[in-house]
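Student: Here is my input, please return the structure:
(chains A and B)
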Amino acid sequence: MTEPNERARIGEELAKMQAEPLLPIEKKLLAWSLIAGLVLLAILIWTGNSALTPPH
Amino acid sequence: MVQQTATGENVALSPQAPLISEDWLAVGTGLVIFLLALCLLAGVDLLGWATAPRTWVEIGKSVRQASPGYGNYGSFTLLLATYGFVLALLSIGAALLGVGIVRFVLGFSVIYWLSYLAWVLGNYAYIAVTTPADMQRLAIGWSLRLTGESGYLIALLLGLAIANFAPPLARWLSEAARPELYIKTAIVILGGFLAVKAAEQLSLASTVMVRGLAAIVEAYLIYWAVVYFVARKWFGFSREWAAPLASGISICGVSAAIATAGAIRARPLVPIMVSSLVVLFAMVELLILPFLARSFLADQPLVAAAWMGLAVKTDGAAVASGAVTEALLYGDAAARGIKWSPGWVVGTTTTIKVFIDIFIGVWSFILAYIWTRHIEPRRAGDELRFGEIWERFPKFVLGFLATFLLVLGIGLASSPAVLKTVDGAMAQANIFRQLFFLFTFFSIGLMSDVRQLWQEGIGKLAAVYVVSLFGFVIWVGLLISWLFFYDIMPPLAG
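Tutor: Next up is the predicted model:
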């Protein structure tokens, strides 16, 4: 259960939040995610969406 | 008593423990309506009394029943029958959820009739009519050409007005304001409706599904990483806040924020706060994006449909945006003399949203793996299990697949005459689907108390949301939708 005063404390917590540096594993996750997304996008465009050709 | 999380998930504080989750309840409720409608195949008309608005000029002629066979009962009786049926069905569900039944019945009755009123108003001829022929038939000189679906927006605005101008009433209604339950039920029913369209145009339906799957994988991989980076690096959020925030903003709002928070073992309040923002911004998107699509994507309805699925958060708001977009684009096309087969825009948006819901489970599992192995290793015996994918799997998707595959199978294996009967059955079920859409819109509005959110000091969260959503997510979603759905058109009606 979330009481209103608890939610108000969260507001304070957000305002005072200390920055945590990005860990190597986080950087790796971001890099792999973006690379996978962009490479997949390039492959789909490069193949001309041949597997996805719409009916005309 | 109920604690409203503004997430569409109400945390029941009643004495009884829930016997069923909202997800499974949506499956059950949707299947009951679907199966009753399907009895038409056996020649038994069980839902023909269901009453919905039609385009009207005189209020006395504003509603009609699904089947002419029930015409002798009179509109008022059938209106009450429709209300009674939905109330009974959802009251059983409320009892299974363990919520206070009296307060649910009272609250739901208010939501039902205000939503229905919005539906009727949305079908007023001066608001809804789209074609010159209909204007001539109804003897009116002008129309806003918003179609009857504008009733959804009226319901949303009604809910929003109550939330912000009458908060005590909004809190009193909160027991029955369950947008996630309503939209999931609607999606289960929608499965059968879409399957009829798919059976008629199997090749196009396959294309939409394959492209939708490709689009959401693309979107998730790119969106999540960028939003997480923005939250962590630019706004200095901790991991506990940044991961649910990235999932909430980037793809599927409430469900994703909750699943991600569970995966990284964040405190329960974190997804609740994120979800409050998600609901608020989803409503803003719902009011803006369909009209942007009308201005810029009038000739690319399925690009617009995919865009709604990728850009608008929460199942309810996304599918609702698809419905509004379809109404606007189809209305404009009808005025130009083009009549597309109904259901393809909302169907494409729903397909994308359903794929996203499935993908959330997989993504949460990946995050759980990374967090438990590398960021916050767990204690012995608290190992990650593959069963968690199933636990996080949105069960209502099974209901959607069941209705979709059953009707598709019947449609492909039977004659055109039988398919026509199935079409009629799904049209009856569709009345209830539209009702559940209306409840969803109304409930989303009801949960968007802007002042309360601001008082809770979540301006910094909102700043990440604004920067990511309007600076990146919406436009990348548009680009991906364009790449995958450009020039794929719905079939012409008839």
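Student: For the rest of this, base every contact and every neighbour count on C-alpha atoms.
Tutor: OK.
Student: Alpha carbons of the helix ranked longest in chain A, as PDB, please.
Tutor: Longest helix of chain A, by residue count under DSSP state H: helix A:24-46. This file holds the C-alpha atoms of helix A:24-46, laid out as PDB (Å, rounded to 0.1, in the frame of the first residue of the first chain):
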ATOM      1  CA  PRO A  24      30.500  -1.400 -17.400                       C
ATOM      2  CA  ILE A  25      27.700  -3.900 -17.600                       C
ATOM      3  CA  GLU A  26      25.100  -1.100 -18.100                       C
ATOM      4  CA  LYS A  27      27.300   0.400 -20.800                       C
ATOM      5  CA  LYS A  28      27.500  -3.100 -22.400                       C
ATOM      6  CA  LEU A  29      23.700  -3.500 -22.200                       C
ATOM      7  CA  LEU A  30      23.100  -0.100 -23.900                       C
ATOM      8  CA  ALA A  31      25.700  -0.700 -26.600                       C
ATOM      9  CA  TRP A  32      24.500  -4.200 -27.400                       C
ATOM     10  CA  SER A  33      20.800  -3.100 -27.400                       C
ATOM     11  CA  LEU A  34      21.500  -0.200 -29.800                       C
ATOM     12  CA  ILE A  35      23.900  -2.200 -32.000                       C
ATOM     13  CA  ALA A  36      21.400  -5.100 -32.300                       C
ATOM     14  CA  GLY A  37      18.600  -2.700 -33.100                       C
ATOM     15  CA  LEU A  38      20.500  -0.800 -35.700                       C
ATOM     16  CA  VAL A  39      22.000  -3.800 -37.400                       C
ATOM     17  CA  LEU A  40      18.600  -5.500 -37.500                       C
ATOM     18  CA  LEU A  41      17.100  -2.400 -39.000                       C
ATOM     19  CA  ALA A  42      19.900  -2.200 -41.600                       C
ATOM     20  CA  ILE A  43      19.400  -5.900 -42.600                       C
ATOM     21  CA  LEU A  44      15.700  -5.500 -43.000                       C
ATOM     22  CA  ILE A  45      16.100  -2.400 -45.200                       C
ATOM     23  CA  TRP A  46      19.000  -4.000 -47.100                       C
END
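Student: which helices and strands sit right next to it?
Tutor: In terms of contacts (3 or more CA pairs under 8 Å, 6 or more residues apart in numbering or on different chains; DSSP states H and E), helix A:24-46 is packed against helix B:202-229.
Student: any idea of the mean pLDDT for the helix it packs on?
Tutor: Averaging pLDDT along helix B:202-229 gives 81.
Student: which helices and strands does it pack with?
Tutor: Here helix B:202-229 touches helix A:24-46, helix B:179-200, helix B:239-247, helix B:301-311, helix B:344-370, helix B:474-485, going by 3+ CA pairs under 8 Å, 6+ apart.
Student: For the chain, give me the ranges with low pLDDT.
Tutor: I went with chain A, as the question did not name one. Applying pLDDT under 70 to chain A flags the ranges A:1-11, A:47-56.
Student: Switch to chain B, please.
Tutor: When residues are selected by pLDDT under 70, those of chain B lie in B:1-16, B:130-131, B:251-252, B:255, B:378-386, B:388-389, B:392-393, B:453-457, B:494.
Student: Which stretches in it count as strands?
Tutor: B:2-4, B:10-12, B:51-53, B:63-65 (DSSP state E).
Student: Need the residues that contact stretch B:19-34.
Tutor: Contacts to stretch B:19-34, defined as CA atoms under 8 Å, 6 or more residues apart in numbering or on different chains, come from residues B:89-90, B:93, B:96-98, B:180-182, B:184-189, B:192, B:394-396, B:398-400, B:403, B:426, B:429, B:432.
Student: Now a ChimeraX select for only the buried ones of those residues.
Tutor: With 16 or more other CA atoms under 10 Å in any protein chain shown as the burial test, the buried ones among these are selected in ChimeraX as follows:
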select /B:90,93,96,97,98,180,181,182,184,185,186,187,188,189,192,394,395,396,399,400,403,426,429,432
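Student: ok, now how distant is the spatially most central residue of chain B from chain A?
Tutor: With distances taken as CA atoms, centre = their mean, B:G316 lies nearest the centre of chain B, 2.7 Å away. Separation of B:G316 from chain A (CA to the nearest CA, to the nearest Å): 24 Å.
Student: Over to B:S247?
Tutor: Computed as CA to the nearest CA, the B:S247 to chain A distance reads 13 Å.
Student: cool, and B:V476?
Tutor: Note on B:V476: its distance to chain A, by CA to the nearest CA, is 12 Å.
Student: Next: B:W363.
Tutor: 11 Å.
Student: try B:A26
Tutor: Distance, B:A26 to chain A, using CA to the nearest CA: 24 Å.
Student: Next up, the contacts around the closest residue to that residue other than its chain neighbours.
Tutor: Spatially, and ignoring its direct neighbours in sequence, B:A26 is nearest to B:T185 (4.4 Å; CA to CA, 6 or more residues apart in numbering or on different chains). B:T185 makes contact with B:A26, B:V27, B:T29, B:G30, B:F396, B:R433, B:F436 under the criterion CA under 8 Å, 6+ apart.
Student: what's around the residue lying closest to B:L46 once chain neighbours are set aside, how many residues?
Tutor: Ranked by CA to CA, 6+ apart and with sequence neighbours excluded, the top spatial neighbour of B:L46 is B:L36, at 6.1 Å. Neighbourhood size, B:L36 [other CA atoms under 10 Å in any protein chain shown]: 16.
Student: Next: B:I59.
Tutor: Residues lying near B:I59 (other CA under 10 Å) number 11.
Student: next one: B:A95
Tutor: 18.
Student: Also B:W142?
Tutor: Neighbours around B:W142, by other CA under 10 Å: 14.
Student: if I pick it, what's in contact with it?
Tutor: Counting by CA under 8 Å, 6+ apart, B:W142 touches B:Y126, B:M135.
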